[in-house]
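Novice: build me a model from this:
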Amino acid sequence: MINKRFTEIGEVMGDIQDGSSLLIGGQTDAGIPKKLLHYLLNMNVNNLTLITNHSGIGNDGIAQLIANKQVSKIICSFPRTNNSEIFKELYKVGKIELEVVPQGTLTERIRAGGAGIGGFYTKTGVGTLVEKGKEKKVINGEEYLLELGITADFALIKSYKADRWGNLIYRKAARNYNPTMAPAGKVTIVEVDEFIDGPLDPEHIITPGIYVDRMIHFEKGDMNNDSKEII
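Specialist: Numbering: from 1, shown residues only. Sure, this is the predicted structure:
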């Protein structure tokens with residue numbers, strides 16, 4: 001029978017390689033797969049492309065991946081955040097590439113990618129730097145920009161509860177990008193707070209298991225003390 005639960009983090013993350021693109025769930029400190037990022041930080045993989053809400057806050061996992069020179073490009077809505085200078089420093093000297101996408105547009109591009117939709121037209125960004133290099137179309141007398149769907153090699157997301165089939169529930173604001181990113185990853189990996197026995201109530205499921213490939217739950221203290229620590 002289908003069981004998408006794993007106990008070894010190496011089996012879950014081992015095929016991420018140089019040049020991989022990664023959707024990273026979460027917003028600020030809510031719904032971020034911290035332990036998955038922790039493991040990624042200690043993997044010998046570089047030239048990564050991250051698609052996420054921001055470029056790191058303080059010394060969080062995204063900021064540490066950037067500081068560790070593992071990220072070559074980031075697609076995000078908020079490249080400048082409080083208490084995090086490393087992205088700004090690397091961007092100024094051309095060490096990292098940036099694509100800024102308005103937050104609503106980013107969400108819709110990810111949703112479109114996961115749904116198999118090639119692109120959509122939006123008025124957001126018309127007349128700004130965001131429109132550079134994009135196709136324009138006039139609809140009912142107004143200009144729109146063509147925005148393309150986003151997919152990635154992997155989606156790393158966080159779930160509150162899951163059953164063995166990969167059906168997921170999120171906790172309050174930690175829901176954010178996670179259910180949108182799940183269908184957009186070619187391989188979707190989930191950090192789960194709690195596995196339950198038996199199936200979840202279908203009326204409560206937010207992400208169906210068809211979009212999930214691998215799941216893992218971490219007990220407190222699972223990560224080695226001598227590895228790089230994500231705060």
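Novice: ok, Val190 - contacts?
Specialist: Counting by C-beta atoms under 8 Å, 6 or more residues apart in numbering, Val190 touches 33, 157-159, 162, 166, 168, 182, 212, 214-216. Just so you know, the C-beta spots here come from the backbone N, C-alpha and C atoms, and that holds for glycine as well.
Novice: same thing but 7 Å
Specialist: For Val190, the contact set (C-beta atoms under 7 Å, 6 or more residues apart in numbering) comprises 157, 159, 162, 168, 212, 215.
Novice: from His54, how far out is the nearest residue to Gln70 once chain neighbours are set aside?
Specialist: Excluding the flanking residues, the one nearest Gln70 by C-beta to C-beta, 6 or more residues apart in numbering is Asn46, at 5.1 Å. Asn46 is 21 Å from His54, where distance means C-beta to C-beta, to the nearest Å.
Novice: more crowded one of those two?
Specialist: Counted by other C-beta atoms under 10 Å, Asn46 and His54 do not tie: His54 has more neighbours, with 23 against 15.
Novice: just the pLDDT for the more buried one.
Specialist: His54 is assigned 92 on the pLDDT scale.
Novice: so it bridges to which residues?
Specialist: When bridges are called by DSSP bridges, His54 pairs up with Phe78.
Novice: wait, isn't it in contact with Arg80?
Specialist: No: counting by C-beta atoms under 7 Å, Arg80 is not a contact partner of His54; they are 8.7 Å apart.
Novice: average pLDDT for stretch 7-25?
Specialist: So the average pLDDT for stretch 7-25 ends up being 96.
Novice: ok, stretch 59-78 next?
Specialist: 94.
Novice: any buried residues in that stretch, and which?
Specialist: The neighbour-count check on stretch 59-78 (16 or more other C-beta atoms under 10 Å) flags 60-67, 70-72, 74-78 as buried.
Novice: what's next to it, contact-wise?
Specialist: Contact with stretch 59-78 is made by 24, 32, 34, 37-38, 40-41, 45-57, 84, 86-87, 90, 96-103, 106, 228, 230-231, as judged by C-beta under 7 Å, 6+ apart.
Novice: surely Ala152 touches Ile51?
Specialist: Yes: Ala152 is within contact range of Ile51, at 5.8 Å (criterion: C-beta under 7 Å).
Novice: looking at the two, which has the bigger crowd around it?
Specialist: The neighbour comparison of Ala152 against Ile51 (other C-beta under 10 Å) goes to Ile51, with 26 against 23.
Novice: phi, psi of that one?
Specialist: Phi and psi for Ile51, reported as degrees, to the nearest 10, are phi -120, psi 110.
Novice: what do you get for the one 4 residues further on?
Specialist: For Ser55, the backbone dihedrals (degrees, to the nearest 10) come out as phi -90, psi 20.
Novice: the closest residue to Leu106 other than its chain neighbours and Gly125: what is the separation?
Specialist: The shortest distance from Leu106 to any non-neighbouring residue, by C-beta to C-beta, 6+ apart, is to Ser77 (5.3 Å). From Ser77 across to Gly125, the span is 12 Å (C-beta to C-beta).
Novice: list residues touching both of these two?
Specialist: Pro102.
Novice: pLDDT weak spots in this protein?
Specialist: Judged by pLDDT under 70, the chain has its weakly predicted residues at 1, 221-231.
Novice: try 90 this time
Specialist: Applying pLDDT under 90 to the chain flags the ranges 1-2, 27-29, 44, 56-59, 80-86, 129-130, 219-231.
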